[in-house]
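In: this one's sequence-less:
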């Protein structure tokens, strides 16, 4: 391995090393504050470690890893979310007894898995990254072990996620059987050359892989786990599942399907379109009269991934690849900070009750009058999810529309409109609940320091990039265009 | 010893049916241990598929993927059984339906 | 003096504004001074103009432009006044009779706590009416037209605590508005084809553009006629006027007898060129007038409410005016308008005096023998009725005689109908006089009205008699009617018929020597009487055909049927929510099943099997 | 069908039947035993396909370590026969119908894909040495990542395995 | 720059008002007052600006001010604001009604006054933005921004059924807005294909040679969004609910200016961008307008809820505007603008009266009213004035608008004019019945109600004077918007050979 290659994977090496150091520290001097500080430092250092690699990109490190602008952009997103989740998790766990330290170690491990995912160029690293992320998450979900809900959520996630992993594995095996290669880029050359059999194999392999990925992205009809896990998991973990896990998997999916050229197959596009429409409709319909905020956010994320699929499908249309990458990247960026903001607020509201998280909508009644700033932030995130201007979510949805319009995906766009319309209803329901005049519930909420600042920063970003998105657009165009 | 000339589609068909059986197990059983075991059946089917594919190309990649699957299986089982123990302690049951409360 | 015409409508308007702005904070004396004085000022100006005209002979029309109003896309109506013989005549009636009625009202309404409101509305009415007759273009005329309608509404419903009054007021406004809308459409049509609403240029253009009998002037004239029948309470829109008697009596005198209701006559006279282009419509005007005058006369015969008798009489008399317009006797129509204003105002004010003294008793059969006790009222009624009946030497005689003779020229049937009407008029008028003022007293009147009521009555008495000798200066306005030599028989029969009617009434109601009781109590007689009493069941008919269905439809659709579509969409969405929600069972096996099914599905699609 | 393939069919049949039995037995212990048999049969298949190293690992790690871990847990839980009776009660044949149909469709879909090709494997056996060279050549990062994966599993299992984590504190 | 200042003053004023609540509960409303007055002051110099010509498609148009800075260069989006006579009039109306809304809520809001004022100011800012934005993206941006504070106004300070009403309001406008967004995007992409220039700039998008089929669909997207807002039949059903439940100030703003944004959009965007396509549906649109006129009036008649009644009367009145716009004659357009302004004033006043009644009687049910004139003669007289204005009495602004619209439409389509004229009659019916049920008749109980105080009277008198002014001297308003409308005709000239017909 050359020196340059080592520099390129310096962030991963550094993070792994810091994880080990953290483990040692936990082993010898268990202190939550120290652990969290190490976590934050590790995340920041990892982020900084991408700097030296910047001049080298794109660079392949063994067949398994490739570091390019695309990977760096998503790594940045992941690290940002991980940091925010760490801060939220600190507030969440600090008053819940001892032995909370391992959580942060698992968080770093999961982050490592995500980082590996976004820069993998090979099925082996894909599967390992996926599993590293997944296995860490199983424990994170069940970490507090208060009540049965976390355990149930973790078990459901473990089993179904395992099933979905086998889908991916089996699909990979089929593709390997026909192509003899496990690298993404090599697939592109096979697909066009061979006869009908290989097309069938590739299609079947893609279908199986995509089936597995649909589970992780919680696309319909693989979405059923989502609300249960979102509700059962501790709020910061839910935030992690919603952002880092989904984001990283989407990033690698986009890379896999675009660089292998699989997405250009028309039957695959048909399948993707059906899935997208189903997700948008199912997600929004399921959320419609839901009373649990965490479940609403779960369903809303199903719908959002449906919207994202519109941009994804664009990649398979003629001349749509660059725009697909750009728009999905912006949409994901918007989705990341919005979701983090939402779960940040949920986390803060959940601090009041150690027995269970603030799921039911009644927790939020009167929030506007007792904690106006927090309520305002939540309102902002909800509006952003609904795609209303002034927020980053609007630009994200604008990108989706742009992508769809450019490639004339009218049916999908109609579904986006229908979905958004239904979506408004349940977002507004939450906002309306917050404006209720009541003395119950929200008055006892204390806003913690770390999480408070994290949510405030996220809200500020949400407004800033909603009103002035140009910097992010430039960044995306500079970095992400590498794979298109 | 040289491998016998198994037609690849037959090997993959075996993997497929094992895979299907495992999936059926996950769908039917309520006992968490058996569900986890069915999961292992599926993983094993995938491993078989890789071995078959690797054998077709005569490369080591198939076996390496098998080993990776092995580690994945081990990791999943470790955590899964840990959860199982925890659940059994709380509920005194390892019936999945008895611990299902999240819904809607 | 002509330059001052802007002040004529302005004076009452200012008075109105002051009273509206002070909202009853002024005392009664200032209100009376302001209210009566402003109209007096207008009257003063009008009569000084009249004197100038009388002294120096007829003059060319005088146009005064106050300001530009609208100037959009070739539509350029201005706020400008057109003074000619016709408008001067109308103004004289409005301000003269109006002033007298104002004076009368200052006493009549003295006990009312809304004294100021009353006078503000009255002033606004005078202003609007003056604008109507002075208007140089049809849009401004329309402004006055609607303005008087509004004031009519406000004044009919003046005592709005009683919902019946409110209903009457609304009926007055809405029914006339139907006509107004037709008229507005007529305006649109005229503007579309002639490009202006300036009355004189428009009429000129009309005569140049069209020849007699063209369809567009016919339609336009018909639409304007719609406006006229609404305002002037002619068939088929006459039903509002009897109900409008709910207002204070001076209001009935001013608005519903002397001025506003004749606006339709004015409108047709003003646009007579158009009607000349549309002879069919002109005939229709005559037919409408004739039909109305007969229907109303029959109805008046059976009424018992003193004001309602007068109201039907008004409808009937305006019918005469329409008849006049319809047969081309424009000047006679306007002449009758003027004389009618005198004697009908007199009758109403006299009725007001009776009612005032009898504590708001309206039923004539509860009156009687008032001749001695209320001499002013009696003489007013006697003179007024004589004029109404067109007994020779009264003003009504001159005007009505002209009309009937002119009608004979066109069609003897018109004359015959008119004559029948005149006969009926004399019967119901003197029925009223004999029943109320002769016979035995049934209700004891309180003190008769004071001088502020008596003086206007006296003046009007004088005018009702001498009004027939005036020569209205409208010769320049209307085409010259060639004097024809009437058949002598006709000329003799015409004035005789009313006298016969009076005698008949005398025999029937005072001497009681003619007894029709048996006839009236037979089934046909009583039914016919009921039929006439209900004004030929027109209210009943309109109620069943228009009002009730409208109300029913509105009630049924109160919650907006369109909204149900959206509610339906929302409900369907909700149903889908519950359907999809039921799939979230929480059962792991089911989740795995859905995944497997999804995989099978995706595989099938991506393999191209489905 | 050539005679040469006979061992493959035998192993395949054994593997199939034992797997079927494994997922359908009421008692988890029985199921696990059948699963071990299945794994052993699969190992034979591996061997026949020229992957001796994988065959050995299958037996040692899969059958020897993972499934034994299962058995340990079953013993630890000391479930008795209550669970089995429960399974007897509700695991009626009809429960199997829909999932089986679904899986059959899935299987036929896969067979549809496979039916197009008919290439016997041509390669030679891949020796452990070759596997090792590859493993520590291009796949070296995979090994590293796998180690982190196992670390995560370790930490997770450690955390989850602790006894009455929160309950004890609650009581004391 | 003045425009930016104008909008930002409102945005910032709202924020300051909110923050000031912490110090003193009375401050927010004073800050709002100062904010509005300040923006009014900022507006004064705008009236004296000299117009300059700016190319607009094939024509030129007169603009008083155009301000542009790049915003999102990636998509050719810029922060493009423009002011011409039409927008100036609309902004002036906005600020005036803002003042009215403020006055109407002066003592009404005791719950979270700061946030209330924040929303009030932001609504005004959003609406102002809608009127001056000339970048289609920016327009859409403001279009949505104005919804949120309005949603809050209804959802927080609304009456008993506020959740339903605010949700309905938001859903209707937002979903239709999404169709517009779709149309905007497609338009931009089609335009980029035609010109090679990726831009959201109004000036560049007007007058393109679009494929008729595409143009038709795009026009429909804009049309739906604007007609929902207007609201035109059959998309009007959100309005009665929103109006009924909204607090007085919000009703005033909704009826007074938010509805006008729909009409403004039709005039500024729908027809100029897609003249041919707009002509294709002109008759349908006019028919919808006419149906709206009559339907709204009939429903207004049936209502027992006073605010609901006024809301349906709005549907009826805005139906005229829809007719006028799609008749697309100078007369009708001027009439529509006049109707917009006059309806803004008269309906705002009626809502204020409704609000005042609710404040005093705690009910909006007219069957529980009656005889209120006795208790509150000032209110009665003022109500009578506005009722009369809204039924289209000549001499007041509404008449000028309706008359011009009908007169111009008569030249285009006689049956529709005749049908719409029925509205004049039914308007009289519901207005007068409402007057009867609320103010006239015998007082039902001894209520001892407080009549309008001097603040309310002053506000009302202002609006009354405004209506009278519009009624007797509307020419300044016509002159103000004339250049705008003229340039729009020039632009759409090939389709509408109106010049010959009208002159």
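Out: That came through fine. Since this is a predicted model, take the numbers as computed values, not measurements. Numbers count the residues shown, from 1 in each chain, chains lettered A, B, ... in the order given.
In: Show me where the chain dips below the pLDDT cut-off.
Out: Since no chain was named, I'll use chain A. Applying pLDDT under 70 to chain A flags the ranges A:190-197, A:439-443, A:482-484.
In: switch to chain D, that's the one I care about
Out: Along chain D, the model assigns pLDDT under 70 to residues D:1, D:80-83, D:118, D:122-123, D:163-172.
In: at 80 instead, please
Out: Per-residue confidence of chain D (counting by pLDDT under 80) places the weak regions at D:1-3, D:78-92, D:116-124, D:162-172.
In: Residue of it nearest chain E, please.
Out: Chain E sits closest to residue D:141 of chain D, with a gap of 36.5 Å, by Cβ to the nearest Cβ. In this view, the C-beta of every residue, glycine as well, is placed from N, C-alpha and C.
In: Which strand or helix spans that residue?
Out: For residue D:141, the element it lies in under DSSP states H and E is helix D:140-161.
In: what comes up buried for that helix?
Out: For helix D:140-161, the neighbour count (16 or more other Cβ atoms under 10 Å in any protein chain shown) marks D:141-142, D:144-146, D:148-153, D:155-157, D:159-160 as buried.
In: follow-up on the earlier one: the residue of chain D closest to chain E and residue A:65 touch, don't they?
Out: Yes: with the criterion set as Cβ atoms under 8 Å, residue D:141 and residue A:65 qualify as a contacting pair; they are 6.1 Å apart.
In: OK, contacts around residue E:334?
Out: C:72, C:73, E:404, E:478, E:481, E:482, E:485 (Cβ atoms under 8 Å, 6 or more residues apart in numbering or on different chains).
In: how close does the closest residue to residue C:415 other than its chain neighbours get to residue E:118?
Out: In space, not counting the residues next to it along the chain, residue C:415 is nearest to residue C:408; the distance is 3.8 Å by Cβ to Cβ, 6 or more residues apart in numbering or on different chains. In this structure, residue C:408 lies at 81 Å from residue E:118, with Cβ to Cβ, to the nearest Å as the measure.
In: can you check residue D:140 too?
Out: Taking Cβ to Cβ as the criterion, residue D:140 is separated from residue E:118 by 60 Å.
In: Okay, residue E:129 and chain D: tell me how far apart.
Out: With the distance defined as Cβ to the nearest Cβ, to the nearest Å, residue E:129 ends up 51 Å from chain D.
In: need the contact list for residue 26.
Out: In the absence of a named chain, chain A is used. Here residue A:26 is in contact with A:35, A:101, A:102, A:105 (criterion: Cβ under 8 Å, 6+ apart).
In: wait, I meant chain D there
Out: Contacts here follow Cβ under 8 Å, 6+ apart; on that basis residue D:26 touches D:84, D:87, D:88, D:91.
In: What does it show for phi and psi?
Out: Torsion angles at residue D:26 (phi, psi; degrees, to the nearest 10) stand at phi -70, psi -40.
In: ditto for residue A:60
Out: Main-chain torsions, residue A:60, degrees, to the nearest 10: phi -90, psi 140.
In: tally of neighbours for it?
Out: A total of 17 residues lie near residue A:60 under the criterion other Cβ atoms under 10 Å in any protein chain shown.
In: show me the contacts for it.
Out: Contact partners of residue A:60, counting by Cβ under 8 Å, 6+ apart, are A:5, A:66, A:67, A:121.
In: of the residues you listed, closest to chain D?
Out: The closest of the contacts of residue A:60 to chain D turns out to be residue A:5 (Cβ to the nearest Cβ; 10.0 Å).
In: ok, the closest one - contacts?
Out: The contact partners of residue A:5, taken as Cβ under 8 Å, 6+ apart, are A:59, A:60, A:61, A:62.
In: The second one bridge partners, please.
Out: In this structure, residue A:60 bridges to residue A:66 when assessed by DSSP bridges.
In: care to break chain D down by domain?
Out: Following automatic domain parsing, one finds the domains of chain D at D:3-125, D:139-172.
In: between those, which one is nearest to residue A:158?
Out: For residue A:158, the closest of these is domain D:139-172, at 10.0 Å, according to Cβ to Cβ.
In: gap between that closest one and the chain center?
Out: In terms of Cα atoms, centre = their mean, to the nearest Å, the centre of domain D:139-172 is set 22 Å apart from its chain centre.
In: again, but for stretch E:211-229
Out: Taking Cα atoms, centre = their mean, one finds the center of stretch E:211-229 at 20 Å from the center of the full chain.
In: hmm, that stretch in reach of chain C?
Out: No: applying Cβ under 8 Å from any Cβ of the partner chain, one finds stretch E:211-229 separated from chain C by no less than 11.2 Å.
In: and residue 369, how many neighbours does it have?
Out: Let's take chain A. 20.
In: Chain C, not that one
Out: Quick note: residue C:369 (other Cβ under 10 Å) scores 17 neighbours.
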